[in-house]
Every structure is written in structure tokens, then in C-alpha cells.
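[1] Sequence plus predicted model, see below.
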Amino acid sequence: MQTFKMQNMNKLSQQQIKKRLGQEAAKLIQKGMHVGLGTGTTSHCFIEALAQRCREEQLNIVTTASSKASSNLALQLGLKVVDLDSIGTLDMTIDGADEVDPQKRLIKGAGGAHLREKIVAAKSEELVIIIDESKLVDQLGKHKLPVEIVPFGHECTKIHLEALGVQATWRQDEQHSLFVTDNSHYLLDLRFPSPLDSPEEWDQVIRSIPGVVETGFFFNLASRILIGFADGQIGVRD
Ligand code: A5P
């Protein structure tokens, strides 16, 4: 793993690590690129750093966003944001993640945007993931797996999922109502009895249940991982 050291070796806060990751990722964007924008607090640091670069340099980039929140932020900051279908192939997408294993398999969706994030990632030549070191795991499934669910018959879908031996909890919004995604679906957070030996098998089984739209597993999509450490180093896993 390559690492870039900072001059100042004071401990960084989590927000400072995210900011630094955003700035490092923004340096990867070149003139004229088509860029996919991820979702979440780390991705938002990237969007801010990218917007700053665009203000300072003539980058002439076009972006597309994986959520309404990221689209709104990018537009507010003056980036050009277009619909995914009108942008063609994306040169690079920068996004965060909740868990990353040694094979660069991911769990995403803590922000509820993994369906759109996966569609954007699948259209990208390169998906660069920006995380702090707390997101690194030996095996996926340590925390929750977000699963997007069709509202029709959603309680039946939950019962089918629980029959697999997982604990399933509806994601709620700030008003304690069911969280509704940008795609007008609900979200179940699954907890496994133990970390997963074979996440691909779990993915297949979960996706085979009617009413399941998409899981937060991302396989064979991430090409590069930038890892931020509290001492200011950024590690790169290619
Ligand atoms: C959004 O649904 C997620 O996939 C985020 O990309 C992921 O949860 C990472 O978010 P943070 O950067 O806020 O930790």
C-alpha cells in the first residue's frame, strides 16, 4: 500500500480526515472528465474540494450525482450536474463506503443511497472509494447491510428475510417514520449472526426474495481505495 505523509503530524479529527480525503480525491480529476458523485459525508467533502478546484482552474468537467442530496450540494457549489442517461460513460466516480474488505468488496448504504450509487458505479471506468481507517474490515458483515425494499408487501418481504436467520430493522427518518429513499422505496438494515465467509452467496439469496430491490454489497466495482489515517497519512489500495 502506498502512503502520502502530511507535514503536520498532529492527530486529525474524523472530519479533518474526510476533508483531506476529499481534497486528495479531487486531485485525481482531470480536465474534461465525466465524474460520478457519491453520497455521504466523505463524498460531500470530495464535492466541496472538487468545486473549489473548478473555481480555481478551468476543468470543464461534467458531473452526475448518486442522490438528490449530492446533486443539490454540487449545484449549490456551481458544478455542472446532468442526468446519468445524458452523460455517457463516466471516467471516474468518487464515493464513500461503510465497510471495505481486503478484496475491495464493499458494504454501502448507511446514507440510504446505495441503489443509485451502484448504478452510477456500474457506469464508471473507475470507482475510487474514500474511507477513514475505521471502515476497513477483515470480513464484510460486521455492521449492518442496508437492503432497499419495495413498499408493496414490505412486511412480508421482511418476514422472508428474517427466515434466513438475520435480524432485520426498518430504517427510520428523523420523525420516526419509515425512511423513504430517493427511489420511493423503504430500507431494511440486516444484521448477520457473524461476519460473512461468503458475501456473494448471501447477496444472491437476499436478492432472490421478491420485494428486494438492491443490497448494499458492492463486488468487483471498486478499483482503488484511498484510506485516511488520523496521523494524516493517506493509504492507497489498488
Ligand atoms: C450512502 O448511502 C452510503 O453508501 C455512503 O457512501 C456511505 O455510508 C459512507 O458514508 P460516510 O462517508 O458518511 O461515512
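    Alright, I've got the coordinates. Numbering: from 1, shown residues only.
[2] Could you tell me which residues of the chain lie near the ligand?
    38-43, 95-98, 108-114, 117 (CB under 6 Å from any ligand atom). Heads up, the C-betas are built off the backbone N, CA and C, glycines and all.
[3] Emit the PyMOL select command for whichever of those residues are buried.
    Of the residues of the chain next to the ligand, the buried ones go into a single PyMOL selection, burial set by 16 or more other CB atoms under 10 Å:
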select buried, resi 38+39+40+42+43+95+96+97+98+108+109+110+111+112+113+114+117
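[4] can you count the residues close to residue 198?
    The number of residues packed near residue 198 is 10, by other CB atoms under 10 Å.
[5] Enumerate every residue touching it.
    With contact set as CB atoms under 8 Å, 6 or more residues apart in numbering, residue 198 has no partners.
[6] do residue 94 as well
    Per CB under 8 Å, 6+ apart, neighbours of residue 94: 25, 28, 35-38, 43, 46, 128, 130.
[7] Top of these by number of neighbours, please.
    Those, ranked by neighbours (other CB under 10 Å): first place residue 43, 32 neighbours.
[8] wait, that residue sits on residue 96?
    Yes. If you go by CB atoms under 8 Å, residue 43 and residue 96 touch, sitting 5.1 Å apart.
[9] Name the residues contacting each of the two.
    residue 130.
[10] Show residues contacting the longest helix seen in the chain.
    Counting by DSSP state H, the longest helix found in the chain is helix 41-56. Contacts with helix 41-56, where a contact means CB under 8 Å, 6+ apart, come from 18-19, 21-23, 25-27, 29, 35, 37-38, 59, 61, 63, 69-70, 73-74, 77-79, 94-96, 130-132.
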